[in-house]
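# sequence below, structure please.
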Amino acid sequence: MIKGYIFDLDGVITDTAEFHYRAWARLAQEQSISFTREDNEALRGVPRRASLEILLKGKLYPEEQMLEMMERKNNYYRDFLTEIQPADLLVGVSDFLHEAHAAGIKIGLGSASKNARDVCEKLQIMALLDVLGDGASVVNQKPAPDLFIWVAGGMGFNPTECIVFEDAEAGVKAARDGGFWTVGLGPYERVRQAHRVRANLDGATVAEFERIGG
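Numbers count the residues shown, from 1 in each chain. Here you go, the predicted model:
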């Protein structure tokens, strides 16, 4: 029996990908590094440190400079976040979250972003969340399953009692490796390893996922 839903944030609840792209692109420009939207796709669902390493394309910098660049990118991103509002929830998300909450299903967030709480507050969905897991919750981020396991534990459930909703290949892998049921959102070729694939949450209902393992 499914008792809990765990949602990724970017690309599932809202789409801050453009903000991330603009922040990384600004940093790349300052470092005289080529960075395209195609390059940005490789950062989807990847923690900040690993994203920076991908952006640098093998260039080596002292640790102090790496930390400074991560902080600089995050400051750019947080500036862009001031634009987020409830209207930026992706299609179908608000209705689905409210239906799940009313049905007694516990709701968790499992995001690699350390800004997840700020984003959820701006989206005005904190009251619907039972557990919020972010980039500071565990040491090993996706594609390790630790974050989803941490969120499930916070809700008091085993992985097999939860569905993870993800839009990234790394997130789907993390969830499956952790023993969770998975719903992939987005292009089939990106999330095809999920137990079920949907374009988005438009029209999604609790009843639709009662038999995900059947």
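
# now Q85: phi and psi?
phi -150, psi 170 (degrees, to the nearest 10).

# what about it, neighbour count?
Using other Cβ atoms under 10 Å, Q85 is surrounded by 11 other residues. From N, CA and C alone the C-beta is placed, and that goes for glycine too.

# and the pLDDT at it?
Per-residue confidence (pLDDT) for Q85: 93.

# one more: the one 4 residues further on?
According to the prediction, L89 has pLDDT 96.

# could you chop the chain up by domain?
Following automatic domain parsing, the chain resolves into domains at 4-14+86-209, 17-81.

# just those domains: most buried one?
domain 4-14+86-209 (a mean of 20; mean count of other Cβ atoms under 10 Å).

# thinking again about what came up before, lowest-confidence stretch among the domains of the chain?
Across the domains of the chain, domain 17-81 has the smallest mean pLDDT, namely a mean of 91.

# from the chain's centroid, how far away is it?
In terms of Cα atoms, centre = their mean, to the nearest Å, the gap separating the centre of domain 17-81 from the centre of its chain is 17 Å.

# quick one: list the elements packing against the lengthiest helix in the chain.
Secondary structure assigned by DSSP state H gives helix 63-81 as the longest helix of the chain. Applying 3 or more Cβ pairs under 8 Å, 6 or more residues apart in numbering; DSSP states H and E, we find helix 63-81 packed against helix 17-30, helix 48-56, helix 116-123.

# what does the next helix or strand after the last one contact?
Downstream of helix 116-123, the first helix or strand assigned by DSSP states H and E is strand 131-133. Residues lying outside strand 131-133 but in contact with it, judged by Cβ atoms under 8 Å, 6 or more residues apart in numbering, are 106, 108-111, 116-117, 120, 126, 147-148, 150-151, 154-155.

# what do you get if the cut-off is 10 Å, keeping everything else the same?
4, 6, 9, 106-112, 116-117, 120, 126, 137, 146-157 (Cβ atoms under 10 Å, 6 or more residues apart in numbering).

# again, but for stretch 182-191
Contacts of stretch 182-191 (Cβ under 10 Å, 6+ apart): 5-8, 11-12, 41, 44, 90, 92, 148, 162-169, 171-176, 192-201, 204, 208-209, 212.

# and that stretch, how far from the chain's centre?
13 Å.

# start and end of it, how far apart?
Stretch 182-191 has its terminal residues 10 Å apart, counting by Cα to Cα, to the nearest Å.

# okay, and the beta partners of T182?
V164 (DSSP bridges).

# just to revisit the earlier point, nearest to R72, out of the helices and strands packed on helix 63-81?
Across these, R72 has its closest neighbour in helix 17-30 (6.0 Å, Cβ to Cβ).

# who does the closest one touch, helix- and strand-wise?
helix 37-41, helix 48-56, helix 63-81 (3 or more Cβ pairs under 10 Å, 6 or more residues apart in numbering; DSSP states H and E).

# can you list the residues that contact it?
Helix 17-30 is contacted by residues 10-11, 16, 33-37, 39-41, 43-44, 48, 51-52, 54-57, 69-70, 72-81, 83-84, 113, 115, 119, 167 when judged by Cβ under 10 Å, 6+ apart.

# can you rerun that using 7 Å?
Taking Cβ atoms under 7 Å, 6 or more residues apart in numbering as the criterion, the residues outside helix 17-30 that touch it are 10-11, 35, 37, 40, 43, 55, 69, 72-73, 76-77, 80-81.
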